[in-house]
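Asker: Next input, structure requested:
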Amino acid sequence: MRRREFITLVSGAAASWPLAARAQQPAMPVIGYLQSTSPGPFARLVAAFRQGLRDNAYIEGQNVVIEYRWAEGKYNQLPELAADLVSRNVNVIVTTSGMAGALAAKAATSTIPIIFAAGGDLIKAGLVSSLNRPGGNITGVNLFTVTLEAKKLDLAVKLIPKATNIAFLLNPNNPAQEGKAIEMKQAAHTLDRQLSIFNASTESEVDAAFTALIHAGVDLLIVSADPFFDENEREHLVALSARYSVPAIYGQREYVAAGGLISYGTSLPEAQRQAGIYTARILKGDKPGDLPIMQPTKFELTINLKTAKALGLDIPPGVLAIADEVIE
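Answerer: Alright, predicted model coming up:
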């Protein structure tokens with residue numbers, strides 16, 4: 001063989017080595033990320049989920065792929081979006097914006113692992129068989145939203161002791177809301193308060209609900225923890241509360257930072273980070289049914305004193321003393 005021919009042969013073989021090496025590399029795992037809300041408002045929570053992955057050596061685009069599916073507040077689209085992720089044979093489905101997404105994912109597959117973050121009675125809803133050993137292909141984070149709604153009512157009474165007519169705003173499209181309504185009615189009865197329930201699942205229905213509650217002469221509003229309210233309607237709800245001078249209690253700190261009066265609830269970024277941690281464990285081989293439902297360890301009470309002053313309210317010292325953050 002001539003020297004020139006030998007060099008050409010070796011050069012040609014060397015050029016093909018990287019391609020062959022790439023062909024032999026295993027495909028990156030794919031996470032199906034199913035959400036009931038919209039990508040823009042949910043961005044901060046996606047970042048928290050990615051942080052949970054990153055803390056466990058998974059970085060999007062480097063060694064894991066995330067396929068995003070957004071229902072844009074249209075809960076009836078969740079089953080179709082979940083089925084699409086199943087058809088793409090993703091390695092795990094993550095749905096962290098409430099009960100509706102979790103139930104849609106569970107209905108779509110009994111084999112692909114599912115990680116959720118949701119409130120409500122997880123066992124009664126048929127989501128898991130046990131909190132310690134969920135069983136099957138599903139596990140996740142319990143947000144305790146139903147229990148926390150009653151705590152909001154207790155705070156409302158402490159905030160405005162003379163408030164007797166209290167409004168509770170629900171999203172009827174969220175399957176967890178029935179349990180919340182029952183819990184709140186019981187809590188209102190115990191506290192000897194009148195509770196009026198208003199429903200809204202669109203921006204126009206939120207406007208209509210405020211018109212109705214003002215007409216009903218409510219003293220205070222409690223906004224249910226819901227992905228549609230918390231991510232899509234947050235600014236709108238705060239603006240309406242200010243316009244009509246309605247004291248309102250929300251589920252997340254971001255409402256208060258935007259000018260809302262007071263909030264109490266589970267730290268959603270922390271719950272998302274926990275979901276990211278569990279997702280990483282699944283990708284490393286753990287079985288979801290063996291992983292206990294994680295319980296939130298961080299609850300946040302935030303108060304906006306500027307808003308309280310604008311509403312002519314004096315926050316009781318006992319409420320201020322237990323606040324995690326006071327915005328002045």
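Asker: Just give me the neighbour total for Ile179.
Answerer: Small correction: residue 179 is Gly, not Ile. As a burial measure, Gly179 scores 19 neighbours (other CB atoms under 10 Å). In short, each C-beta sits where N, CA and C put it, glycine included.
Asker: Could you pull up phi and psi at the closest residue to Arg88 other than its chain neighbours?
Answerer: Of all residues not flanking Arg88 in the chain, Glu67 sits nearest, at 6.5 Å (CB to CB, 6 or more residues apart in numbering). Reported as degrees, to the nearest 10, the phi and psi values for Glu67 are phi -100, psi 120.
Asker: Next, count neighbours for the nearest residue to Ala108 once chain neighbours are set aside.
Answerer: Once flanking residues are discounted, Ala108 sits nearest to Ala82: 3.8 Å by CB to CB, 6+ apart. Ala82 has 27 neighbouring residues, counting by other CB under 10 Å.
Asker: what stretches of the stretch 1-150 of the chain score poorly on pLDDT?
Answerer: For the stretch 1-150 of the chain, the stretches flagged by pLDDT under 70 are 1-26.
Asker: Quick one: the strands in it, in order.
Answerer: Along the stretch 1-150 of the chain, the segments classed as strands by DSSP state E, counting those that start in this stretch run 30-35, 65-70, 92-95, 114-118, 138-142.
Asker: and those as JSON lines, adding distance to Glu328 and mean neighbour count?
Answerer: Formatted as JSON lines, these follow (distance: least, CB to CB, whole Å; neighbours: other CB atoms under 10 Å):
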{"stretch": "strand 30-35", "distance to Glu328": "34", "mean neighbour count": "24"}
{"stretch": "strand 65-70", "distance to Glu328": "36", "mean neighbour count": "17"}
{"stretch": "strand 92-95", "distance to Glu328": "38", "mean neighbour count": "28"}
{"stretch": "strand 114-118", "distance to Glu328": "32", "mean neighbour count": "29"}
{"stretch": "strand 138-142", "distance to Glu328": "32", "mean neighbour count": "26"}
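Asker: just to revisit the earlier point, wait, what's in contact with the residue nearest to Ala108?
Answerer: Neighbour list for Ala82: 34, 69, 93, 95, 101, 104-105, 107-109 [criterion: CB atoms under 8 Å, 6 or more residues apart in numbering].
Asker: again, only using 10 Å
Answerer: 32, 34, 69, 71, 93, 95, 101-109, 112, 114 (CB atoms under 10 Å, 6 or more residues apart in numbering).
Asker: Arg193 contacts Asp219, doesn't it?
Answerer: Yes: contact criterion CB atoms under 10 Å: Arg193 and Asp219 qualify, at 9.2 Å.
Asker: any residues in contact with both of these two?
Answerer: Taking CB under 10 Å, 6+ apart as the criterion, Arg193 and Asp219 both touch 156, 163-166.
Asker: and the gap between Leu153 and Phe228?
Answerer: 21 Å (CB to CB, to the nearest Å).
Asker: what are the ranges of the helices in the stretch 151-300 of the chain?
Answerer: 177-190, 203-215, 227, 234-243, 253-257, 268-283 (DSSP state H, counting those that start in this stretch).
Asker: Quick one: closest of those helices to Val46.
Answerer: For the helices of the stretch 151-300 of the chain, the distance to Val46 is smallest for helix 268-283, at 7.6 Å, taking CB to CB.
Asker: Tell me how many other residues crowd the closest residue in space to Ser241 that isn't next to it in sequence.
Answerer: The shortest distance from Ser241 to any non-neighbouring residue, by CB to CB, 6+ apart, is to Ala248 (4.4 Å). Residues contacting Ala248 under the criterion other CB under 10 Å number 24.
Asker: my guess is Ala248 contacts Ile160, does it?
Answerer: No: look at Ala248 against Ile160 with CB under 10 Å: they stay out of range, at 11.2 Å.
Asker: hmm, back to that, mind listing what the residue nearest to Ser241 touches?
Answerer: Contacts of Ala248 (CB under 10 Å, 6+ apart): 156, 167, 169, 220-223, 237-238, 240-242, 255, 260-263, 307, 311.
Asker: same thing but 8 Å
Answerer: By CB under 8 Å, 6+ apart, Ala248 lies in contact with 220-223, 237-238, 241, 260-262.
Asker: Please check these and keep the buried ones.
Answerer: 220-223, 237-238, 241, 260-262 (16 or more other CB atoms under 10 Å).
Asker: Spatially central residue in this structure, please.
Answerer: Ser97 (3.5 Å; CA atoms, centre = their mean).
Asker: That one: what's its closest spatial neighbour, skipping adjacent residues?
Answerer: In space, Ser97 is closest to Pro227, 4.0 Å off (CB to CB, 6+ apart).
Asker: same thing with Pro29?
Answerer: Asn91 (4.3 Å).
Asker: what's the distance between the one you found and Glu254?
Answerer: 31 Å.
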